[in-house]
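Engineer: need coordinates for the below:
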Amino acid sequence: MLPAARSYSSSSSAERLTAGHAMPFGAALLPDGGVRFRLWAPAARSVELVFQHKSLPLAEKDEGWYEHVEGRAEAGTLYQYRIDGKQLVPDPASRFQPQDVDGPSEVIDPSRYPWKDAGWRGRPWQEAVIYELHVGTFTPEGTYAAARGKLNHLKEHGITAIELMPLSDFAGKRNWGYDGVLPYAPDNAYGRPEELEALVEAAHQAGLMVFLDVVYNHFGPKGNYLGLYAPDFFTDRYNTPWGAAINFENEVVRQYFLHNVLYWLEEYHFDGLRFDAVHAIIDESPRHVLDEIAFEVHRRIGAKRKIHLVLENDAGQSRFLGPGKYTAQWNDDAHHGYHVLATGETDGYYIAYADAPAKHLARCLAEGFAYQGEISPFTKEKRGESSKHLPPVAFVDFMQNHDQIGNRAFGERLISLTDHEKLKALTAILLLAPSPPLLFMGEEWGCRQPFLFFCDFDGELGEAVRNGRRSEFKRFSSFKEDIPDPLAEGTFKQCVLRWDEMNQEWLAFYRDLLSLRRKEIASRRAKAGRYEMLDQRVFSVLWPLEDGGVLRLLANCADQSFELPWPPRGRRLWGAEHGSTLEGWCVSWWLEE
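Structural biologist: Alright, predicted model coming up:
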């Protein structure tokens, strides 16, 4: 269980903090005035609080903790810590950095926002239609306030949840968000904390859930000072592709991230979190930190409102999914099946799906993962765990997301890589299947703009990122041209959605499918399905429903027509009337009640 704040200090002030999520670290307003400052710095010889041109020593407590209660500090006070009389650093639990990651932290009143969503209890997971967006490129303004203005558009076209790419403070003015270094501080590039809260509240008033993408597998390369005074945050026993591995076997480190989860859910009223690349979270403690997070969330918040926790896990570990655990996982297997069917591409990891893309997709739709312990031709190792016991709502399926678009050299969206007939057929599968679908911003109106990798690092780090990006793609024969410079502001601007270019045909297509989903699919609970390959690219998937009915998909993902061995039964929900002949790239949905 999450220990109380007093476990870290003998100070009684931790018991009397103002409203909001109470943490055993950071700057906390006291109800009688003043602020309690607390920092874990086990490698520091001394720590000073620097504010209003003053330097005040923090008292050393047990086990590496430093603390000071300052009566002259208040909400809005800017402060830093000086380590060993030399280096100025921000608060690692800063709630806001108005001058970026290297500047001072701001004391924030967690009760500052007059919430009006007290009646909001969330939405059932089976109603989820998720819309992933990057706040900085979602609108020309790139702010929380501007994003609020698009919520009605999303609601009217069948979206029920928005998922914000990571907001934790990063170095520079533009970034995907996965280089965050201050997990508690929403980046100032998009607005102030109260403007983020206003976005969440407005979404709830529109009936939309709001999820946040969080990164607990590494810290970004610039603006992270933890190694200077708290090197125990990291371990060299493991490696990640992005930076030093986090030491989750240290109890203070575990609490830092456990509190971060609860902070976003309690203080900002998020409806859930998406956990980035948890296969890179290595923890050999008796209880894995992911299990502890899920337990604490359900214990602390689960009885009050619906909270949904979603993993990105390249290892395909179904052990983390299920009641009392994580709600769902992003299903990369399904994406890869969709993508190979749509484009025929077989580079990189797509080689593992090239032999039978329709079969891989059919298995994903019915059973979750395409690989459930079989050897992947890409890694030559076993991939995934058995998932056929899990219902389809345990898997978030998608044809596009920030990674799958942005990790291409030129950031092309799927609409630019395949023809409309194929894309519409596959979209009809995605949006009507029982698994919650995820769309990437602009997908619903046929956006053709790229979503490129961009950041705003300077000096040697910026040059290293630029050269690394070029090296990553030079081995591909199809990418001989110079790729966009990730540091250039123009690269970022290419990704800003141009809403005046909405394609009404695509918008109507998505709206009609999502309207049908709301009426016929979301209200029914589907059990784990079963699939049948009728030909190499023709398949049937059947899902038993808890109300006793059966939902069936018939899909021909080939250019030529196919004669069904039996006529379809039940009520046709979607697709052309086709009798026993499935034309090329034909998809139909049926309900047997």
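
Engineer: tell me which element the closest residue to Ala433 other than its chain neighbours is part of?
Structural biologist: Of all residues beyond its chain neighbours, the one nearest Ala433 is Leu365 (5.5 Å), with distances taken as C-beta to C-beta, 6 or more residues apart in numbering. Just so you know, the C-beta spots here come from the backbone N, C-alpha and C atoms, and that holds for glycine as well. For Leu365, the host element (DSSP states H and E) is helix 357-367.

Engineer: ok, and what's touching that helix?
Structural biologist: By C-beta atoms under 8 Å, 6 or more residues apart in numbering, the list of residues contacting helix 357-367 from outside reads 331, 333-334, 336-338, 340-341, 353, 369-370, 387-388, 392, 395, 397, 429, 433, 435, 528-531, 533, 536-539, 541-543, 553, 555, 557.

Engineer: next helix or strand past the helix or strand bottoming out on mean pLDDT in the chain?
Structural biologist: Among the helices and strands of the chain, helix 459-473 carries the lowest confidence by mean pLDDT, DSSP states H and E, at a mean of 81. Toward the C-terminus, helix 459-473 is succeeded by helix 489-494 as the next helix or strand (DSSP H and E).

Engineer: could you list the low-pLDDT ranges of the stretch 451-593 of the chain?
Structural biologist: In the prediction, the stretch 451-593 of the chain carries residues with pLDDT under 70 at positions 474-481.

Engineer: and Asn188, how many neighbours?
Structural biologist: Burial of Asn188, expressed as a neighbour count using other C-beta atoms under 10 Å, amounts to 18.

Engineer: please disregard the earlier target; I meant Leu573.
Structural biologist: Other residues close to Leu573 by other C-beta under 10 Å number 18.

Engineer: Arg466 too?
Structural biologist: A total of 17 residues lie near Arg466 under the criterion other C-beta under 10 Å.

Engineer: list the contacts of it.
Structural biologist: Contacts for Arg466 (C-beta under 8 Å, 6+ apart) come out as Asp485, Pro486, Leu487.

Engineer: could I get the buried residue list for stretch 491-506?
Structural biologist: Buried residues in stretch 491-506, counting neighbours by 16 or more other C-beta atoms under 10 Å, are found at Thr491, Phe492, Gln494, Cys495, Val496, Leu497, Met502, Trp506.

Engineer: can you tell me how far the second one is from Gly411?
Structural biologist: This means Phe492. 11 Å (C-beta to C-beta, to the nearest Å).

Engineer: now the common contact residues for the two.
Structural biologist: Counting by C-beta under 8 Å, 6+ apart, the residues touching both Phe492 and Gly411 are Leu452.

Engineer: quick one on the thing from earlier: and the least confident helix or strand of the chain, what's buried?
Structural biologist: Residues of helix 459-473 classed as buried under the neighbour-count rule (16+ other C-beta under 10 Å) are Gly462, Val465, Arg466, Arg469, Phe473.

Engineer: is it correct that the first one is in contact with Leu487?
Structural biologist: Yes: taking C-beta atoms under 8 Å as the definition, Gly462 is a contact partner of Leu487 at 5.1 Å.

Engineer: poorly predicted segments of the protein, please.
Structural biologist: 1-19, 474-481.

Engineer: please name every helix or strand in contact with the longest helix seen in it.
Structural biologist: In terms of residue count, the longest helix belonging to the chain (DSSP state H) is helix 251-267. Secondary-structure packing of helix 251-267 (3 or more C-beta pairs under 8 Å, 6 or more residues apart in numbering; DSSP states H and E): strand 182-186, strand 209-214, strand 272-275, helix 289-300.

Engineer: partner strands of the shortest one and their direction?
Structural biologist: Pointing back at strand 272-275 there. Using DSSP bridges, the neighbouring strands of strand 272-275 in the sheet come out as strand 209-214 (parallel), strand 308-311 (parallel).

Engineer: could those be laid out in JSON lines, adding distance to Trp120 and mean neighbour count?
Structural biologist: Below are the strands paired with strand 272-275 laid out as JSON lines (distance: least, C-beta to C-beta, whole Å; neighbours: other C-beta atoms under 10 Å):
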{"stretch": "strand 209-214", "distance to Trp120": "9", "mean neighbour count": "22"}
{"stretch": "strand 308-311", "distance to Trp120": "14", "mean neighbour count": "24"}
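
Engineer: closest one to Tyr113 among those?
Structural biologist: Each of the strands paired with strand 272-275 has some distance to Tyr113 by C-beta to C-beta; the shortest is strand 209-214, at 14.3 Å.

Engineer: returning to that earlier point: now do the shared contacts for Gly462 and Leu487.
Structural biologist: Taking C-beta under 8 Å, 6+ apart as the contact criterion, the residues that touch both Gly462 and Leu487 are Cys455.

Engineer: gap between Leu573 and Tyr263?
Structural biologist: Distance, Leu573 to Tyr263, by C-beta to C-beta: 42 Å.

Engineer: do Val35 as well
Structural biologist: Counting by C-beta to C-beta, the gap from Val35 to Tyr263 is 17 Å.

Engineer: also Phe509?
Structural biologist: 40 Å.

Engineer: likewise for Pro104?
Structural biologist: Applying C-beta to C-beta to Pro104 and Tyr263 gives a distance of 20 Å.

Engineer: what residues are bridge-paired with the most centrally placed residue in the chain?
Structural biologist: Within the chain, the residue whose C-alpha comes closest to the C-alpha centroid is Asp213; the distance, by C-alpha atoms, centre = their mean, is 3.2 Å. In this structure, Asp213 bridges to Arg274 when assessed by DSSP bridges.

Engineer: contact partners for it?
Structural biologist: Asp213 is in contact with Glu163, Leu164, Met165, Pro166, Gly177, Leu273, Arg274, Asp276, counting by C-beta under 8 Å, 6+ apart.

Engineer: change it to 7 Å
Structural biologist: Taking C-beta atoms under 7 Å, 6 or more residues apart in numbering as the definition of contact, the neighbours of Asp213 are Glu163, Leu164, Met165, Pro166, Gly177, Arg274, Asp276.

Engineer: would you map the helices across the protein?
Structural biologist: Taking DSSP H as the criterion, the chain contains helices spanning 135-138, 144-148, 151-156, 193-205, 226-229, 251-267, 289-300, 332-343, 357-367, 402-406, 420-432, 459-473, 489-494, 504-516.

Engineer: those helices: which one's closest to Trp242?
Structural biologist: Smallest distance to Trp242 across these (C-beta to C-beta): 11.5 Å, for helix 459-473.

Engineer: on that earlier part again, tell me how far the residue nearest to the centre of the chain lies from Leu133.
Structural biologist: Computed as C-beta to C-beta, the Asp213 to Leu133 distance reads 10 Å.

Engineer: list residues touching both of the two?
Structural biologist: Taking C-beta under 7 Å, 6+ apart as the contact definition, Asp213 and Leu133 share the neighbouring residues Leu164, Met165.

Engineer: just the strands in the stretch 51-200 of the chain please.
Structural biologist: Listed in chain order, the strands of the stretch 51-200 of the chain (DSSP state E, counting those that start in this stretch) span 54-57, 59-60, 65-70, 78-83, 87-89, 105-106, 130-133, 161-164, 168-169, 182-186.

Engineer: tell me the buried residues in the first one?
Structural biologist: When you say that, I think you mean strand 54-57. Leu56.

Engineer: so which elements touch that strand?
Structural biologist: Contact analysis of strand 54-57 by 3 or more C-beta pairs under 7 Å, 6 or more residues apart in numbering; DSSP states H and E lists strand 47-51 as its packing neighbours.

Engineer: listing partners with orientation, what would you give for the strand it packs on?
Structural biologist: Here the strand partners of strand 47-51, with direction, are listed using DSSP bridges: strand 54-57 (antiparallel), strand 78-83 (antiparallel).
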